[in-house]
Structures are given as structure tokens and as C-alpha cells.
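Enquirer: Let's see this in three dimensions:
(one chain, ligands or ions: 2)
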Amino acid sequence: MSILVQRWNELADVKDELAGRDWFFGTSGNLSIRVSHDPTTFLVTASGKDKRKRTSEDFLLVDANGNPAEETILRPSAETLLHVKVYGKTNAGCSLHVHTIDNNLISELYGDKGEVTFKGQEIIKALGIWEEDAEVSVPIIQNHAHIPTLAETFDEHIQGDQGAVLIRNHGITVWGRNAFEAKKVLEAYEFLFSYHVKLLTLKNQLQIS
Ligand SMILES: CSC[C@@H](O)[C@@H](O)C(=O)COP(=O)(O)O
Ligand SMILES: [Zn+2]
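Expert: Ligands and ions are numbered 1, 2, ... in the order given. Presented below is the predicted three-dimensional model:
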């Protein structure tokens, strides 16, 4: 099996799993996986598709600038430039972007602070941080409608081959060395967001600080 087909199947499997979690509301979300390093090419989801369906037109191969690397009628994701930034700056192998209610709530609650921090949760180990009482922060950026501006702002927060950035009232973009790691990072953050939202709601209902 060629690398391209292997990567296609890997990304299709991740897409199915995230669809199973119902993380692709209203065609939102986009996913990519690196196919080659030099030159950089990656598969990215075609724009505007129902990502819950598995079809032969789900992904297209693009170059380091996010332009189609082969003749196609498909349009790359509107947010391909963010994936371009990840592969241009790191050795990451996969980048995932989803809009969930919880990631939107957290981004709005902490948007003015520019970041949200979590501490004392076992799931932080899934991010590769094993210290006692570990702390993890996710930057929150403004949601610019102009994608090149959004991509530039996003780029300032890309550090290392694994990471995450929240886009205010929009969604989260994560990346990792491969599809397994990117999915693990995404699931860990979504756990933290969901826990935090539920905890705040309960505290509010029970009037405890
Ligand atoms: C329908 S959600 C809004 C979109 O502009 C975008 O944020 C998104 O995540 C999906 O866009 P896409 O072009 O399908 O990758
Ligand atoms: Zn989006």
C-alpha cells in the first residue's frame, strides 16, 4: 500500500472516530495528515463536506502552501492555511480542528485572559506531562474572519510538534507527531473543557466557590 493510501486510511479512521463523538456540527471542522516532508505535502479535508460521511472525495493532497498538489475539482478546507502553518513550523504529522460546545464555552469564558489553565487532573498525563500537580495552558486567540490574519495570529502560538490553540467562539486546533497523538491530545483537552464547564455549572447551582 502506498504512503498516500496509508495516510488517507489513517485520516479517514480518525474522521470516523471524531464523527462518532459528534464533533462535526454543521460541516464544521477540518483535519489533515502529513504525507511527505521534503517537499511538504499533506492530505486535508475538502471544504464544506458532511464530515460524518466516508467518501472517496473526503480529502485532497495539497502542497506546503495549501494548494492542490494534483488535478482535482475539490476545494481544500477554508482553514487549510492553519494546517500549512503547523507543517511549516514543526515536524507534526497530523492536525485536527473541531468545533464543540465545550471548547466554544471555554474560549468565551477565558477569551479576555488570552489563555486557560488546567491543574491537578490525571488526564494531563495524556499530554505527555507527568509531574505531580502538573499545569497546562491553552492560548486563546481572536476569531478573525480573514483567514490569512487568523493563520498569522495562530502561528505565534505554534511551539513544538504537539500543541493546541483555542480560537474564540470558533473551535480548537491541535497537532501531534502522528494521528494517534493528535487525537489523544484533542480528547484530553475536550475532557478538560467538559469537566471544567460541568464543574462551574454545578458550583453555580450549589452556590459553592
Ligand atoms: C461550517 S463551520 C465554518 C467553517 O468556516 C470552518 O470554521 C470549518 O471548520 C469548516 O470549514 P471547511 O472549509 O469545511 O474546512
Ligand atoms: Zn473551523
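
Enquirer: who touches D58 in this structure?
Expert: By CB atoms under 8 Å, 6 or more residues apart in numbering, the residues touching D58 are A12, K15, T45, A46, K49, K51. Bear in mind the C-beta positions are built from the backbone N, C-alpha and C, glycine included.

Enquirer: meant to ask about N178, not that
Expert: Here N178 is in contact with G93, C94 (CB under 8 Å, 6+ apart).

Enquirer: State the distance from it to ligand 1.
Expert: Look at N178 and ligand 1: by CB to the nearest ligand atom, to the nearest Å, they are 21 Å apart.

Enquirer: And G128, by the same measure?
Expert: With CB to the nearest ligand atom as the criterion, G128 and ligand 1 are 26 Å apart.

Enquirer: my guess is that residue contacts G163, does it?
Expert: No: using CB atoms under 8 Å as the test, G128 is too far from G163 to be in contact (11.0 Å).

Enquirer: When those two are compared, which one has more neighbours?
Expert: The neighbour comparison of G128 against G163 (other CB atoms under 10 Å) goes to G163, with 21 against 14.

Enquirer: Identify the element of secondary structure that E181 sits within.
Expert: helix 179-206 (DSSP states H and E).

Enquirer: Just list what that helix packs against, helices and strands only.
Expert: helix 3-20, strand 94-98, helix 101-110, strand 115-119, strand 163-167, strand 171-176 (3 or more CB pairs under 8 Å, 6 or more residues apart in numbering; DSSP states H and E).

Enquirer: same thing but at 10 Å, please
Expert: helix 3-20, strand 30-36, strand 94-98, helix 101-110, strand 115-119, strand 135-141, strand 163-167, strand 171-176 (3 or more CB pairs under 10 Å, 6 or more residues apart in numbering; DSSP states H and E).

Enquirer: For G120, which non-adjacent residue is spatially closest?
Expert: By the measure of CB to CB, 6 or more residues apart in numbering, the closest residue to G120 outside its immediate chain neighbours is D133, 5.9 Å from it.

Enquirer: Contact partners for that neighbour?
Expert: K119, G120, I124 (CB atoms under 10 Å, 6 or more residues apart in numbering).

Enquirer: between those, which is closest to ligand 1?
Expert: Nearest to ligand 1 among the contacts of D133 is I124, at 26.4 Å by CB to the nearest ligand atom.
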